[in-house]
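**Q** Give me a 3D structure for the following:
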Amino acid sequence: MQEQTRLVAMRIRELREIAGLSQEETAAELKIPEELYSQYEKDGKDIPISVIYSIANLYRVDTTDIISGLSPKMTSFSLVRRGKGIKVERFEGYEYENIAYSFLHRKMEPMIVTLSPGGSEPKMVMHKGQEINFCLKGSMKLYHDGSTVILNQGDCAYFDASKPHGQSAEGSEPAAFLTVINEI
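**A** Below you'll find the model as predicted:
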């Protein structure tokens, strides 16, 4: 297990224990199966960012606390230079970079996502709110609620994130996109 993934699992377990909740109670609050939640605490593998967001809301902490163990401190302005965001390990073939991690009480989660080419259809995720995918480099396939669309550099999709969705690189080159998640 990669170190960051192990630490995320440890942090969510510690938050649950501090709150005095069982795994069953936590899973019920998150509206996910207890077995799935238990797996997240065990190895931290494949936790969707939307679940991390929900866990952070449940325990009234910032997602940055869970992902990095650091607490954001900026309240009116935050600057993250190119390549200096916090890398987030979530799914194989996806590399996430949180580019607003230092801003406290964010209303959105903006991230740069790089997709490795040659993967199969991605695991579909769903979460509350809305999402933007703006293609920065290459071409990507966006799967949304049973449909697919190709996004090329400069194309933007805005969608209901409560419907099943996922992304993959289109072609033999990596693709990169800006995603902004707003759980309203």
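**Q** Tell me which residues touch Pro174, please.
**A** Pro174 sits next to Thr114, Leu115, Ser116, Pro117, Lys137, Gly138 when contact means C-beta atoms under 8 Å, 6 or more residues apart in numbering. Placement of C-beta: from N, CA and C, glycine included.
**Q** Could you tell me the phi and psi values at it?
**A** As for Pro174, its main-chain torsions (degrees, to the nearest 10) stand at phi -60, psi 150.
**Q** For the remainder of this discussion, apply numbering that starts at 45.
**A** With the count now opening at 45, the last piece we talked about shows up as Pro218.
**Q** ok so, going back, which of the contacts of Pro218 has the most neighbours?
**A** Among those, Leu159 has the most neighbours (other C-beta atoms under 10 Å), with 25 neighbours.
**Q** What pLDDT does the model give it?
**A** For Leu159, the pLDDT comes out at 94.
**Q** mind listing the strands for this protein?
**A** 130-132, 138-142, 153-159, 174-181, 183-188, 191-196, 200-204, 209-213, 219-226 (DSSP state E).
**Q** Which strands and helices lie in contact with the last one?
**A** Yep, that's strand 219-226 we're talking about. Helices and strands touching strand 219-226, by 3 or more C-beta pairs under 8 Å, 6 or more residues apart in numbering; DSSP states H and E, are helix 93-103, strand 153-159, strand 174-181, strand 183-188, strand 209-213.
**Q** can I get the strands of the chain in a markdown table with distance to Asp87?
**A** Below are these laid out as a markdown table (distance: least, C-beta to C-beta, whole Å):
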| stretch | distance to Asp87 |
| --- | --- |
| strand 130-132 | 16 |
| strand 138-142 | 17 |
| strand 153-159 | 22 |
| strand 174-181 | 26 |
| strand 183-188 | 26 |
| strand 191-196 | 31 |
| strand 200-204 | 30 |
| strand 209-213 | 21 |
| strand 219-226 | 24 |
